[in-house]
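# This is the structure alone, sequence omitted:
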Ligand code: AVI
């Protein structure tokens, strides 16, 4: 990351932590979970037996790739929002007919360029046009998108579940404007289910998710001159039925204080820092509503046999 950008990033992190720890319910936005170590831990989470979303979505995509390709048509431009070139991306790259271009969008320039290099080797005929950007902010998309072929957005992993309704509508609305009328969009969405399945998925037996959550405090200590005693906090995954979401919290296990830069914050025993929401959707409820508000209709949908996860095909009106 260039120095000026890194300084901006750190200032935004510091502001989010300072503001978040001053609230009645302490909270830090989940995007700060993903430093290099956090991203590696998340990769490990996706392989855990308890964490069903990744393997379930991948299986749906594998099974439906031919159908999706037929519904999209020849010569599409595929735009992926967030970290690209996963196994899931390659399923689409292999299935889509005469793909015109692949446009992965990610904040990490190093990651994107490595991804692009790998894809250009494996798909020599494919135009790979990476865009370094935060997909939650307005994005300048490359000229490839102004061609005549179909435009297809891709946002897998139920990352949409980590956003608020307002963020979902803003994100999908911008994607609708960028991709244009008639565009399609493949959206992965995790579905509402029993807490008996959800809680272990977010609090696994080997403690990888706990390490992922606690790493946020280690990151604050390192990047923001924090003084957290990480061993005096524990990970908790809670099901919030009213909001239909799993919440991750860091629970203080003792009466303690911690410094972050110049600020001093108190953490009575039992108090928590709320670090992530992971919404679980009912397709025809809140999700269809958010899509409609952003100018998309649900054209098709596919789920696994146990209805754990859904892949939606949206169409821009
Ligand atoms: C990235 N996101 C979709 C994951 C989720 O399931 O909400 C993040 C995660 N947090 C804990 N485990 C996985």
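Arrived safely. Not measured: the values here are computed from a predicted model.
# Need the three-state assignment for whatever residue of the chain ends up closest to the ligand.
With CB to the nearest ligand atom, the shortest gap between the chain and the ligand falls at residue 278, namely 3.3 Å. C-beta here means a position set from N, CA and C on the backbone, and glycine is covered the same way. Three-state call for residue 278 (DSSP: H, G, I helix; E, B strand; the rest coil): strand.
# in stretch 45-52, what counts as buried?
Within stretch 45-52, the residues scored as buried using 16 or more other CB atoms under 10 Å are 45, 46, 48, 50, 51, 52.
# so what's the third one up against?
Right, the one you point to is residue 48. 201, 204, 206, 208, 209 (CB atoms under 8 Å, 6 or more residues apart in numbering).
# mind redoing it with 7 Å?
Applying CB atoms under 7 Å, 6 or more residues apart in numbering to residue 48 gives the contacts 204, 208.
# does it sit in a helix, a strand or a coil?
Under three-state DSSP, residue 48 comes out as coil.
# now this structure, which segments are flagged as low pLDDT?
1-5, 84-85, 144-146 (pLDDT under 70).
# if we go to 90?
1-9, 83-86, 106-115, 133-148, 285-286, 317 (pLDDT under 90).
# which helix in it runs the most residues?
Ranked by residue count and defined by DSSP state H, the top helix of the chain is helix 52-72.
# Could you chop this protein up by domain?
3-33+195-279, 52-193+280-316 (automatic domain parsing).
# Grab the most central residue of the protein for me.
Nearest to the mean C-alpha position of the chain, by CA atoms, centre = their mean, lies residue 159 at 3.0 Å.
# What separation is there between the closest residue to that residue other than its chain neighbours and residue 161?
Once flanking residues are discounted, residue 159 sits nearest to residue 82: 5.8 Å by CB to CB, 6 or more residues apart in numbering. Going from residue 82 to residue 161 by CB to CB, to the nearest Å gives 13 Å.
# quick one: which of the two has more around it?
residue 161 (22 against 17; other CB atoms under 10 Å).
# Touching, that one and residue 190? I think so.
Yes. Residue 161 is within contact range of residue 190, at 5.5 Å (criterion: CB atoms under 7 Å).
# Overlap of the contact sets of these two?
Joint contacts of residue 161 and residue 190 (CB under 7 Å, 6+ apart) are residue 280.
# would you list every one of the strands in the chain?
Here the chain has its strands, by DSSP state E, at 26-27, 77-81, 101-106, 127-128, 131-132, 151-155, 184-190, 233-240, 245-252, 256-260, 263-267, 272-279, 296-303, 309-316.
# Ramachandran angles for the nearest residue to residue 258 once chain neighbours are set aside?
Of all residues not flanking residue 258 in the chain, residue 228 sits nearest, at 4.6 Å (CB to CB, 6+ apart). Per-residue torsions, residue 228: phi -60, psi 140 (degrees, to the nearest 10).
# Make sure residue 228 is actually in contact with residue 217.
Yes. If you go by CB under 7 Å, residue 228 and residue 217 touch, sitting 4.2 Å apart.
# Identify the residues contacting residue 209.
Counted by CB under 7 Å, 6+ apart, residue 209 has contacts 45, 202, 203, 235.
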